[in-house]
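*Asks:* I would like to see how this sequence folds:
(one chain, ligands or ions: 1)
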Amino acid sequence: MWSLADRELGSRLLLGSAQYPSPAIMEQSIAASGAEVVTVALRRQQPETGAGRDFWQRLKSLGLHLLPNTAGCHTAKSAITTALMARELFDTHWIKLEVIGDDYNLQPDPFALLEAARELVGQGFEVFPYCTDDLVLAERLVQAGCRILMPWAAPIGTGRGLVNPYGLRCLRARLPDITLIVDAGIGTPSHATRALEMGYDAVLLNTAVAQAEDPVMMARAFRAAVEAGYLARQAGPVPRRELAVASTPVVGKPFWHES
Ligand SMILES: CC(=O)[C@@H](O)[C@H](O)COP(=O)(O)O
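*Replies:* The predicted structure is shown next:
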């Protein structure tokens with residue numbers, strides 16, 4: 001078990017709820033993934049018109065922790081408005097804060113993100129900011145009161161995996177007490193394993209499962225991959241070396257620590 005914003009969870013995989021071929025396949029995929037936290041986008045469903053209510057009801061009925069997000073917002077103001085709406089609709093103070101700064105790669109706007117994060121933390125939200133791997137931005141978000149950060153692996157929907165492992169490693173090393181979740185751009189289970197092996201607390205992904213040829217099977221694969229990465233991290237991997245070290249037993253010394 002681990003603790004995410006004061007809630008105890010078994011799974012370190014968080015899943016998005018968009019782009020599945022059907023609601024039934026989405027539900028089967030969530031079940032197969034073992035995820036207990038599922039994100040839900042408000043803005044794309046036009047909450048003002050009531051559209052999306054059936055979908056949200058269906059998600060609510062699954063008994064998961066819902067993490068509403070502000071996907072589609074391009075300003076701090078619209079993200080704040082969406083967060084307030086989400087709090088009412090889903091009866092949760094969790095918000096995945098997304099403020100897009102560039103439509104080419106859907107890169108978060110660091111300035112608007114920080115502004116919105118400050119405001120929402122002040123209003124009692126648990127803010128999960130979707131950010132780049134910029135260390136200084138991450139530190140400012142922490143100073144603003146964020147206990148969880150969600151740096152991207154790669155732009156949303158690209159499936160490119162961890163494009164800047166150095167940046168992600170820096171964040172992990174410099175923010176040891178912050179919950180770090182790699183979010184967006186993960187394409188294959190091995191990307192997720194790598195994030196966990198690096199010491200990330202969890203991963204959040206959507207496209208890689210929802211758009212797979214067989215989403216349910218892919219969800220199972222990600223479940224196993226996340227568990228493998230976490231176990232490997234706990235087990236203490238061997239250090240990388242430049243020079244070869246024979247692994248075959250030396251005669252008379254079958255075990256490494258035996259004298
Ligand atoms: C940023 C965000 O809202 C994520 O939930 C995102 O949608 C996941 O990105 P992928 O679809 O690339 O996994």
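*Asks:* Now do the contacts for residue 58.
*Replies:* Residue 58 makes contact with 23, 27, according to C-beta atoms under 8 Å, 6 or more residues apart in numbering. Heads up, the C-betas are built off the backbone N, CA and C, glycines and all.
*Asks:* and it, that one's in a helix?
*Replies:* Yes: counting by DSSP: H, G, I helix; E, B strand; the rest coil, residue 58 is located in a helix.
*Asks:* got the contact list for residue 195?
*Replies:* Neighbours of residue 195 in contact, by C-beta under 8 Å, 6+ apart: 153, 162, 168, 182, 186, 203, 229.
*Asks:* Closest one of these to residue 252?
*Replies:* Set against residue 252, the nearest of the contacts of residue 195 by C-beta to C-beta is residue 229 (37.2 Å).
*Asks:* Please name the nearest non-neighbouring residue to the closest one.
*Replies:* residue 196 (2.7 Å; C-beta to C-beta, 6 or more residues apart in numbering).
*Asks:* any idea which helix or strand carries that neighbour?
*Replies:* Taking DSSP states H and E as the criterion, residue 196 maps to helix 189-197.
*Asks:* Which secondary structure state is assigned to the closest residue in space to residue 163 that isn't next to it in sequence?
*Replies:* Residue nearest to residue 163 in three dimensions, not counting chain neighbours: residue 154, with 4.7 Å by C-beta to C-beta, 6+ apart. Here residue 154 is coil, with the state taken from three-state DSSP.
*Asks:* Just to check, residue 154 is in contact with residue 165?
*Replies:* No: here residue 154 does not reach residue 165: they are 11.2 Å apart, not a contact under C-beta atoms under 8 Å.
*Asks:* Same drill for those two, tell me which one is more crowded.
*Replies:* Between residue 154 and residue 165, counting by other C-beta atoms under 10 Å, residue 154 is the more crowded of the two (19 against 14).
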